[in-house]
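# Below is the sequence, then the predicted model.
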Amino acid sequence: MEEITVLMSTYNGEKYLREQLDSIFLQKNVKLKLLVRDDGSTDNTMQILQEYRQKYSDLEIWTDGKNLKPCKSFFYLIQNAPETEYYALADQDDIWDCDKLETEIDRLKRYSQEIPALYYSNLRIVDEKDVFYRNSHEMPAICRNKYEYLTDMKATGCTIVYNRALAELIHNRIPDEFTMHDAFLYIIASIFGNVIYDFEPHIDYRQHGDNSIGTYLDKKPVTAYFKHMGRLLDRNRQPRRKNADAVLSKYGEFLQNTHPREYEKLMELSTYKNSLKQTVQLLKDKELYPSSGMFRYSVLAILGLL
């Protein structure tokens, strides 16, 4: 059986944690270790983890009482996880199919293990009572433009599994700041290796009022779409610029020598000033942004340029 380490960050997750843990330890045909870092919970999360630690020797708990927030908490796990063949990210409130990890590893094994690789998939969105709402992706969530991965995150963290080659590539190159840990993994895998998408979901992705970050459980898809567009065009946050800066700070010299075109696109994102003109110029870059008519029409409408 293949060995895999599952990485989970918990914070006040007592309500759904047991269901998530049960579904992880029911995984078939894999040898797994679950590594949990608690991010300073004040409810019964630690008691639940200790309860499961008594039942499962393959559960290891890290806690120092500090609240690092999800991104930095997961970065700590990613940086300090023991060496293994594969790694998976887990939320604290979902439910995994019993063959989730087996299926994901099988997909990764189709590619050379010497090359960094990352797998992600569709999700079944469910509500607080585990009632199915819809699949997250109605169409395959893949990049259709060459460098779109630098501006549009496609992978949801709790579906991500990656191989040792990617773990070695990012070791000691974790940035101090990034939008989210899963976005960093996705971008680095896209630049240097293989990214594998699975349209079939293998997880119930629970949406509730306590989610840190999640898919909109919105009865009006158009509303969810424009919320996404608002985040994309928020020039105060400038997440793509900050992410580009972070990647360049860790991989800039390496990219110049081995991936000059990727370096050029990152510099384009990193150096543009906070101006409407340059924002529009970036949006016109067909290699960086989705080329769909709806996307461009929406962008120009929001900017008042129609």
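Received the coordinates, thanks.
# Count the residues that sit near the closest residue to E2 other than its chain neighbours.
Computed as Cβ to Cβ, 6 or more residues apart in numbering, the closest residue to E2 that is not its neighbour in sequence is I105, at 5.0 Å. (Each C-beta comes from the backbone N, C-alpha and C, glycine too.) When neighbours are counted by other Cβ atoms under 10 Å, I105 registers 21.
# Checking Y162 next. Helix, strand or coil?
Here Y162 is strand, with the state taken from DSSP: H, G, I helix; E, B strand; the rest coil.
# ok, back up a step: hmm, the residue nearest to E2 is touching Y87, no?
No. With contacts defined as Cβ atoms under 8 Å, I105 does not count as touching Y87, sitting 10.7 Å away.
# Which neighbours do the two have in common?
Contact criterion Cβ atoms under 8 Å, 6 or more residues apart in numbering; residues bridging I105 and Y87 by contacting each: 4, 161.
# what's the single longest helix in this protein?
helix 239-258 (DSSP state H).
# can you give me the strands for this structure?
Assigned by DSSP state E, the strands in the chain fall at 2-10, 30-38, 59-63, 86-90, 95-96, 117-121, 124-126, 132-135, 161-163, 194-198, 203-206.
# H259 is nearest to which of the ones you listed?
With respect to H259, and counting by Cβ to Cβ, the nearest of these is strand 194-198 at 14.6 Å.
# So what touches that closest one?
Contacts with strand 194-198, where a contact means Cβ under 8 Å, 6+ apart, come from 103-104, 107-108, 110-111, 115-122, 140-142, 149, 154-155, 186, 189.
# Repeat that for stretch 36-53.
Stretch 36-53 is contacted from outside by 8-14, 17-18, 21, 25, 59-63, 65-70, 73, 76-77, 92, using Cβ under 8 Å, 6+ apart.
# swap the cut-off to 10 Å and go again
Contacts to stretch 36-53, defined as Cβ atoms under 10 Å, 6 or more residues apart in numbering, come from residues 6-15, 17-18, 21-22, 24-25, 34, 59-70, 72-74, 76-77, 80, 90, 92, 212.
# Identify each buried residue in it, please.
36-41, 45-46, 48-49, 52 (16 or more other Cβ atoms under 10 Å).
# May I have the beta-bridge partners of K31?
With DSSP bridges as the criterion, K31 is bridged to E3.
# Tell me which residues touch Q113, please.
Listed by Cβ under 10 Å, 6+ apart, the contact set of Q113 reads 85-86, 163-165.
# how about a cut-off of 7 Å?
Applying Cβ atoms under 7 Å, 6 or more residues apart in numbering, we find Q113 in contact with 163, 165.
# one step back: which of the contacts of strand 194-198 fall within helices?
Taking DSSP H as the definition of helices, the contacts of strand 194-198 contribute 103-104, 107-108, 186, 189.
# Please list only the buried members of those.
Of the ones in helices among the contacts of strand 194-198, these count as buried by 16+ other Cβ under 10 Å: 103-104, 108, 186, 189.
# could the residues you listed be laid out in JSON lines, adding pLDDT and distance to T179?
Formatted as JSON lines, these follow (pLDDT from 0 to 100; distance: Cβ to Cβ, whole Å):
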{"residue": "T103", "pLDDT": "98", "distance to T179": "28"}
{"residue": "E104", "pLDDT": "98", "distance to T179": "23"}
{"residue": "L108", "pLDDT": "97", "distance to T179": "25"}
{"residue": "Y186", "pLDDT": "96", "distance to T179": "11"}
{"residue": "A189", "pLDDT": "97", "distance to T179": "16"}
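# Give me the distance between the two termini of stretch 73-91.
By Cα to Cα, to the nearest Å, the extent of stretch 73-91 from end to end equals 12 Å.
# so how far is that stretch off the chain centroid?
Centroid displacement of stretch 73-91 relative to its chain, using Cα atoms, centre = their mean, to the nearest Å, is 13 Å.
# Contacts for it next, please.
Contacts of stretch 73-91 from elsewhere in the structure, counted by Cβ under 7 Å, 6+ apart, are 2-9, 20, 24, 35, 37, 39, 68, 101, 105, 108, 157-158, 160-164, 167, 170, 174, 181-182.
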